[in-house]
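S.K.: predicted model follows, preceded by the sequence.
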Amino acid sequence: MSDLRNWLEMHNLGALTDLLTENEVDLEILPELGDSDLANIGLALGPRKKLLKVIRTLVIFSKSFFDFLFCHLSFPDFSAADSIN
């Protein structure tokens, strides 16, 4: 089972899997899709709005997660290495 199918089913949107895979949409490209993209591939208004809502949540969560990691990770201090030369 594909990651896209799993993700869609997790959000009760599994019925959209075939349409999205037929149009070569995967989880990498999904966050870049807009309303007009989804309309162009034939997605009806209701499912389109539901999918866009879930995509926004995914994008917000991903950004928050990476912001959290960036703020809480330790990075090596390379400034000491510069002073050796």
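M.R.: Noted; the coordinates are in hand. Residues are numbered from 1 along each chain as shown.
S.K.: which other residues reach stretch 30-42?
M.R.: With contact meaning CB atoms under 8 Å, 6 or more residues apart in numbering, stretch 30-42 is reached by Leu4, Leu19, Leu20, Asn23, Val25, Arg48, Leu51, Leu52, Ile55, Leu58, Val59, Ser62. No exception for glycine: its C-beta is placed from N, CA and C like everyone else's.
S.K.: show me which residues of stretch 26-38 are buried.
M.R.: Buried residues in stretch 26-38, counting neighbours by 16 or more other CB atoms under 10 Å, are found at Leu30, Leu33, Leu38.
S.K.: and that stretch, average pLDDT?
M.R.: Averaged over stretch 26-38, pLDDT sits at 92.
S.K.: pLDDT wise, what is Thr17 at?
M.R.: Note for Thr17: predicted pLDDT of 96.
S.K.: need the contact list for it.
M.R.: Contact partners of Thr17, counting by CB under 8 Å, 6+ apart, are Ser2, Leu4, Arg5, Leu8, Glu9.
S.K.: TSV for these, including pLDDT?
M.R.: As requested, those are exported to TSV (pLDDT from 0 to 100):
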residue	pLDDT
Ser2	84
Leu4	90
Arg5	94
Leu8	94
Glu9	95
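S.K.: okay, these in a markdown table with neighbour count, secondary structure and distance to Leu43 next?
M.R.: Listed next are the contacts of Thr17 as a markdown table, based on neighbours: other CB atoms under 10 Å; DSSP: H, G, I helix; E, B strand; the rest coil; distance: CB to CB, whole Å:
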| residue | neighbour count | secondary structure | distance to Leu43 |
| --- | --- | --- | --- |
| Ser2 | 12 | coil | 18 |
| Leu4 | 19 | helix | 14 |
| Arg5 | 16 | helix | 16 |
| Leu8 | 21 | helix | 12 |
| Glu9 | 14 | helix | 17 |
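S.K.: quick one: which of the residues you listed is nearest to Ala44?
M.R.: Nearest to Ala44 among the contacts of Thr17, counting by CB to CB, is Leu8 at 15.3 Å.
S.K.: pretty sure the closest one is touching Leu19, no?
M.R.: No - the criterion here is CB atoms under 8 Å, and Leu8 misses it with Leu19 at 10.2 Å.
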